[in-house]
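Chemist: starting from these lines, generate the structure:
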Amino acid sequence: MDLTTTYLGLKLRTPLVPSASPLSESVDGIKHMEDAGASAVVLYSLFEEQLRQDRFELARHMEQGTESFAEALSYFPEAEHFHLGPDEYLKHISKAKAAVKIPIIASLNGSSTGGWTDYAKQIQQAGADALELNIYNIPTDMNLTAADIEQMYLDILKAVKSEVTIPVAVKLSPFFTNFANMAKRLNEAGADGLVLFNRFYQPDVDLETLEVKPNILLSTPMAMRVPLRWIAILYGHLNSSLAATSGVHRSSDVLKMLMAGADVTMLCSVLLRQDGVKQIGIIERGLATWMEEHEYESVKQLKGSLSQKNCADPSTFERAQYMRAISTYYVPPA
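Modeler: Below you'll find the model as predicted:
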């Protein structure tokens with residue numbers, strides 16, 4: 001059974017790639033994922049704010065007593081809360097590359113253009129095989145237009161692409177007025193891959209302390225419906241690789257994403273619960289078993305077979321199917 005696939009120009013043994021998570025904070029964790037069957041690993045993200053703070057700290061030591069950055073620093077978590085600072089992140093890439101044979105994809109998380117994008121060159125020099133840009137931006141400025149936001153994404157991508165020669169993927173949210181157009185423009189701007197989709201942190205309210213608190217919820221398979229639709233719509237229309245993330249928990253989820261047109265399926269929540277990284281091997285065996293039973297010889301043969309471009313009823317992914325679904329929903333009598 002040929003489970004190989006190509007993502008960002010990298011030939012991978014299977015389409016199973018752990019996405020950015022605390023599991024990759026140690027080299028042992030990365031080796032453990034490789035041993036479990038991971039075909040590549042996306043490293044834990046380095047944040048734009050960490051790079052800014054690193055510069056703030058340097059300036060503060062050079063200008064002791066001025067308190068120039070006290071207010072800005074007070075809003076950022078203490079350095080010890082992060083296992084990997086900027087320098088440590090580069091060393092981590094080098095150590096990981098020396099320890100494993102699978103590709104290492106670094107991850108930068110930011111929301112604006114600026115000096116942090118220059119760090120991409122150092123990531124390449126440290127040995128990363130590719131770079132994932134996780135553009136995490138929640139616009140709250142009422143004067144900021146959709147065109148302004150979209151241009152910011154393009155500017156960040158172009159700034160990074162001008163610094164590196166390794167492949168660059170962009171991790172996105174689905175919240176664009178016309179996501180298909182945004183995907184097309186990112187493809188034309190040089191994105192080697194699109195990772196669909198980012199799951200934004202949603203705050204919660206503590207009724208006892210009356211405080212707004214961070215709240216991270218692991219995904220469920222229901223979360224895969226949005227990336228499934230958009231990957232199916234985009235398949236065959238872009239040069240960029242397509243990575244499915246959010247809600248991929250089982251071999252059946254992987255199969256559906258591949259049939260929609262994904263080049264790889266990224267795993268996170270499923271590896272943080274249940275049996276941990278052992279799930280990679282379980283999912284791979286389930287994938288191979290289903291393909292054998294249904295007489296598929298390769299992932300290539302499977303990929304995109306149920307995309308909008310190739311399925312018998314393309315309207316399945318659009319408004320017509322919504323109307324059909326609503327009209328056929330059965331409500332039992334009281």
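Chemist: surely residue 291 touches residue 302?
Modeler: Yes - Residue 291 is within contact range of residue 302, at 6.8 Å (criterion: CB atoms under 8 Å). Heads up, the C-betas are built off the backbone N, CA and C, glycines and all.
Chemist: shared neighbours of these two, which are they?
Modeler: Taking CB atoms under 8 Å, 6 or more residues apart in numbering as the criterion, residue 291 and residue 302 both touch residue 255.
Chemist: show me what contacts residue 14?
Modeler: So residue 14 contacts 3-5, 37, 39, 284, 287, 299 (CB under 8 Å, 6+ apart).
Chemist: could you list the low-pLDDT ranges of the stretch 201-334 of the chain?
Modeler: Along the stretch 201-334 of the chain, segments meeting pLDDT under 70 span 274, 318-331, 334.
Chemist: for residue 134, pull up the helix or strand it's in.
Modeler: strand 130-135 (DSSP states H and E).
Chemist: between the very next helix or strand once past that strand and strand 130-135, how many degrees?
Modeler: Reading on from strand 130-135 to the C-terminus, the next helix or strand found by DSSP H and E is helix 146-161. Relative orientation of helix 146-161 and strand 130-135, computed by axes from the mean of the first three to the mean of the last three CA atoms, to 10 degrees: 160 degrees.
Chemist: just give me how far stretch 236-250 sits from the chain centre.
Modeler: Centroid separation between stretch 236-250 and its chain, computed with CA atoms, centre = their mean, to the nearest Å, is 9 Å.
Chemist: for that stretch, buried residues please.
Modeler: 238, 240-250 (16 or more other CB atoms under 10 Å).
Chemist: give me the subset of the contacts of residue 14 lying in strands.
Modeler: residue 5 (DSSP state E).
Chemist: from the contacts of residue 14, which ones fall inside helices?
Modeler: 284, 287, 299 (DSSP state H).
Chemist: switch the residues you listed over to TSV; also include neighbour count and distance to residue 216.
Modeler: Formatted as TSV, the ones in helices among the contacts of residue 14 follow (neighbours: other CB atoms under 10 Å; distance: CB to CB, whole Å):
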residue	neighbour count	distance to residue 216
284	21	27
287	26	28
299	24	31
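Chemist: out of the residues you listed, flag the one nearest to residue 332.
Modeler: residue 287 (36.7 Å; CB to CB).
Chemist: apart from its neighbours in sequence, what residue is nearest the closest one?
Modeler: residue 251 (4.6 Å; CB to CB, 6 or more residues apart in numbering).
Chemist: neighbours of the one you found, how many?
Modeler: Applying other CB atoms under 10 Å, we find 21 residues neighbouring residue 251.
Chemist: quick one: it from residue 34, how far?
Modeler: 20 Å (CB to CB, to the nearest Å).
Chemist: again with residue 268
Modeler: From residue 268 to residue 34 the distance is 16 Å (CB to CB).
Chemist: go on, residue 240?
Modeler: 26 Å.
Chemist: with residue 102 instead?
Modeler: 5 Å.
Chemist: got it, and residue 235?
Modeler: From residue 235 to residue 34 the distance is 29 Å (CB to CB).
Chemist: swap in residue 20?
Modeler: From residue 20 to residue 34 the distance is 16 Å (CB to CB).
Chemist: could you do residue 122 as well?
Modeler: In terms of CB to CB, residue 122 sits 24 Å off from residue 34.
Chemist: centre of the chain versus stretch 120-130, how much separation?
Modeler: The answer for stretch 120-130 is 18 Å, by CA atoms, centre = their mean.
Chemist: list the buried ones in it?
Modeler: Here stretch 120-130 shows 120, 122-124, 126-130 as buried, counting by 16+ other CB under 10 Å.
Chemist: and what of stretch 195-205?
Modeler: Quick answer for stretch 195-205 (16+ other CB under 10 Å): 195-199.
Chemist: ditto for stretch 275-288
Modeler: 277, 279-280, 282-284, 286-288.
Chemist: which pair of those spans the longest distance?
Modeler: It's 277 and 288 that sit farthest apart of these, by CB to CB, at 18.1 Å.
Chemist: ok, now which ones touch residue 5?
Modeler: So residue 5 contacts 11-12, 14-15, 39, 263-264, 299-300, 303 (CB under 8 Å, 6+ apart).
Chemist: flag the shaky bits of the stretch 51-200 of the chain, pLDDT-wise.
Modeler: Ranges of the stretch 51-200 of the chain meeting pLDDT under 70: 53-84, 115-116, 200.
Chemist: mind listing the helices for it?
Modeler: 70-74, 86-99, 119-126, 146-161, 179-188 (DSSP state H, counting those that start in this stretch).
Chemist: hang on, the earlier thing: with distance to residue 229 as extra columns, can I get the buried residues of stretch 275-288 in CSV?
Modeler: Formatted as CSV, these follow (distance: CB to CB, whole Å):
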residue, distance to residue 229
277, 29
279, 25
280, 25
282, 26
283, 22
284, 25
286, 23
287, 21
288, 26
